[in-house]
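**Student:** Make a model of this:
(one chain, ligands or ions: 1)
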Amino acid sequence: MISKPENEAPNNKGMCLECGTGALKLQHLTYFTWLNNELITVPDFPAYVCDICGRREYDGRAITWLNTLLNPETGRSSTSPRKAESTGANQAQP
Ligand SMILES: [Zn+2]
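**Tutor:** Here you go, the predicted model:
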């Protein structure tokens with residue numbers, strides 16, 4: 001029986017699907033993306049780069065993480081600063 005390590009360190013992603021020859025290896029690049037006409041650069045972003053054709057594949061978890069960071073919906077606090085409702089002039093006056 002061949003025991004395969006299931007929890008492999010994701011240092012390479014296997015063979016490149018583009019050229020079928022190279023291997024996708026983990027590198028840290030500067031990732032560029034556009035957000036509302038603003039160019040966002042993320043240094044040291046993990047990406048798998050083919051050592052033959054240079055095809056890049058980004059780690060899905062890293063992309064999800066980045067989208068979470070950039071999504072304005074995510075950082076929104078649930079407590080919106082709302083004015084306390086005035087219950088009307090209900091003060092007992094002596
Ligand atoms: Zn390739």
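**Student:** going forward, measure contacts and count neighbours with C-alpha atoms only.
**Tutor:** Will do.
**Student:** Would you mind listing the buried residues in the helix or strand bottoming out on mean pLDDT in the chain?
**Tutor:** One helix or strand of the chain scores below all others by mean pLDDT, DSSP states H and E: strand 12-15, with a mean of 84. By neighbour count with 16 or more other Cα atoms under 10 Å, strand 12-15 contains the buried residues 12-13.
**Student:** Strand partners (parallel or antiparallel) of it?
**Tutor:** Using DSSP bridges, strand 12-15 pairs in its sheet with strand 23-35 (antiparallel).
**Student:** Which residues does the partner strand contact?
**Tutor:** 10-16, 39-52, 56-57, 70 (Cα atoms under 8 Å, 6 or more residues apart in numbering).
**Student:** for stretch 46-61, same thing?
**Tutor:** The contact list for stretch 46-61 (Cα under 8 Å, 6+ apart) reads 12-13, 16, 18-19, 21-29, 62.
**Student:** near the ion, which of those residues show up?
**Tutor:** 16, 18-19, 22 (Cα under 5 Å from the ion).
**Student:** now these in JSON lines, with neighbour count and secondary structure?
**Tutor:** Below are these laid out as JSON lines (neighbours: other Cα atoms under 10 Å; DSSP: H, G, I helix; E, B strand; the rest coil):
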{"residue": "Cys16", "neighbour count": "22", "secondary structure": "coil"}
{"residue": "Glu18", "neighbour count": "13", "secondary structure": "coil"}
{"residue": "Cys19", "neighbour count": "13", "secondary structure": "coil"}
{"residue": "Gly22", "neighbour count": "18", "secondary structure": "coil"}
